[in-house]
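sequence? don't have it. structure:
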């Protein structure tokens, strides 16, 4: 076992990172497992609409990747992570509350924007807080927890 020391004291950033890794992996696996069934059975999307929903998500991720990376690198790493998880949650809430095609499209935009905010910023924030010497072990532990949670 190894000991973590962070700039803000022992375990604070690491604990948050590990919890986020586990909770996100569990939530993502759960939601993606039931999302397609929900869209077909409850929302009654046809094949074309399903393709449009998936395309909307991917186009949003593609268009937002660079601007959200600049935001994380320029201003803060923690802020995009918090906003990203908030937007992903709002996207899932929107999709669950309004079982119609257009709210599902809006949910995909929110989800895609949220994913790009978190993408990379979470690991960069962790590396900043924990330090370069110990971040490799932290990433390994986070991946292990993520695999167990999913």
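The structure has been received and is ready for your questions. As the structure is a prediction and not an experimental result, all values here were calculated from the model.

and the gap between residue 125 and residue 60?
In this view, residue 125 and residue 60 are 22 Å apart by CB to CB, to the nearest Å. For the C-beta atoms, the positions are set from N, CA and C on the backbone; glycine is no exception.

likewise residue 108?
Taking CB to CB as the measure, residue 108 and residue 60 are separated by 7 Å.

Who has more neighbours out of those two?
Shown here are residue 108 and residue 60; by other CB atoms under 10 Å, residue 108 has more neighbours (23 against 20).

so where do the helices sit in the chain?
Ranges of helices within the chain are 12-41, 47-74, 78-97, 101-118, 121-130, 132-149, based on DSSP state H.

can you list the weak-confidence ranges in this protein?
Counting by pLDDT under 70, the chain has low-confidence residues at 1-11.

what's near enough to touch the residue nearest in space to the middle of the chain?
The structure's the chain has its C-alpha centroid closest to residue 115; by CA atoms, centre = their mean the separation is 4.4 Å. For residue 115, the residues meeting the contact criterion (CB atoms under 8 Å, 6 or more residues apart in numbering) are 61, 84, 88.

now those in CSV, with distance to residue 139 and neighbour count?
CSV is the format used below for the contacts of residue 115 (distance: CB to CB, whole Å; neighbours: other CB atoms under 10 Å):
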residue, distance to residue 139, neighbour count
61, 22, 19
84, 18, 22
88, 21, 23
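
closest to residue 13 among those?
Distance to residue 13, by CB to CB, is smallest for residue 84 among these, at 17.0 Å.

Would you check that that closest one makes contact with residue 121?
Yes - if you go by CB atoms under 8 Å, residue 84 and residue 121 touch, sitting 7.2 Å apart.
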